[in-house]
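Build the 3D model from these lines:
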Amino acid sequence: MNQKAERPKVLVSVVERGKGKELIKLYRQKDVEFHYQTIGHGTATSEIMDILGLDSRDKDIVISFAAGSAVNRLVYAMSDELRGAVDTKGILFDLPLTGISNIIMAAISLPLQREKKNSGPGIADALLEKAFMGGKEQDTEKEEPAMASENKHSLILISVNQGYTENVLDTAKSLGARGGTILRARWSGAKTLEKYQALSIQSEKEVIIIVVPNELRNGIMDAVNREHGMRTEAQAVVCSMNVDHFAPI
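The predicted structure follows:
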């Protein structure tokens, strides 16, 4: 029998420094069990930080993977009965995935499989067995989510040379962005771009993560590209993707 699994999602949570582990512990109780954790730096203004009750700009960023229905339930719960379960302030948003390794797909299906009593071997078992037998990637089947996608926000990612982050953020804020989160990164592939575009690329980068309402997205992206693009000293690269749900923690 050809077993199919529902589409997975990625959940991104940005919370106060030191609260990431506590958040992961809560998520694991809700069938969201696979996580990456890193650190970032928030850019909200002092006025917004005062309103939110934030003491520090340092952030824990938790990137979680799970079946779509598990992520939908968790997002709904964090906006309802789980609000305040972790003593922190921040945001969370989820994104659809179009593909993932079959072994990981099988693993994130296991919590859902455990919910089915007396069902015998099921989706997760079949996927896991096929994955370790060297089978091909499993097809996924779109299922009706527990909570319909709102699709009212977009995630904007901006890679920029170190030293120009504040300039780029000022441009984004002037067009309605409320702030963002900054990650340190290194550019890979500079030689190829330098060869074909006659550019000298700085390796040390900062990546700015901004979530904005859809109606602000194009204006911000156009302005950043125009004022801080690859032909400027900032060498900003900007892209965006749809956000299914967005909520404060």
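
Output the lowest mean pLDDT helix or strand found in this protein.
Every helix and strand in the chain was compared by mean pLDDT, DSSP states H and E; the lowest is helix 123-132, with a mean of 45.

What's the first helix or strand after that one?
Once the chain leaves helix 123-132, the next helix or strand it forms, by DSSP states H and E, is strand 153-161.

what's the average pLDDT for the helix or strand just after that following strand?
Where DSSP H and E defines the elements, the next helix or strand beyond strand 153-161 is helix 165-174. What helix 165-174 shows for mean pLDDT is 95.

ok now helix 165-174, how far from the chain's centre?
The chain centroid and the centroid of helix 165-174 are separated by 21 Å, computed with CA atoms, centre = their mean, to the nearest Å.

For that helix, could you pull out the residues that count as buried?
165, 167-169, 171-173 (16 or more other CB atoms under 10 Å). Glycine gets a C-beta too; all of them are placed from N, C-alpha and C.

With distance to Asn225 as extra columns, can I get the residues you listed in TSV?
Output for the buried residues of helix 165-174, formatted as TSV (distance: CB to CB, whole Å):
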residue	distance to Asn225
Thr165	16
Asn167	14
Val168	10
Leu169	15
Thr171	10
Ala172	12
Lys173	16
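
nearest to Ala185, of those?
Distances from Ala185 to those, taken as CB to CB, are shortest for Thr165 (11.7 Å).

isn't the closest one right up against Glu206?
Yes. At 5.0 Å, Thr165 counts as touching Glu206 under the criterion of CB atoms under 8 Å.

if I look at those two, which residues touch both of them?
Residues within reach of Thr165 and of Glu206 at once, by CB atoms under 8 Å, 6 or more residues apart in numbering, are Ile182.

Pull out the buried positions in the lengthiest helix in the chain.
The helix that spans the most residues within the chain, counting by DSSP state H, is helix 214-228. Buried residues in helix 214-228, defined by neighbour count with 16+ other CB under 10 Å: 216-217, 220-221, 223-225, 228.
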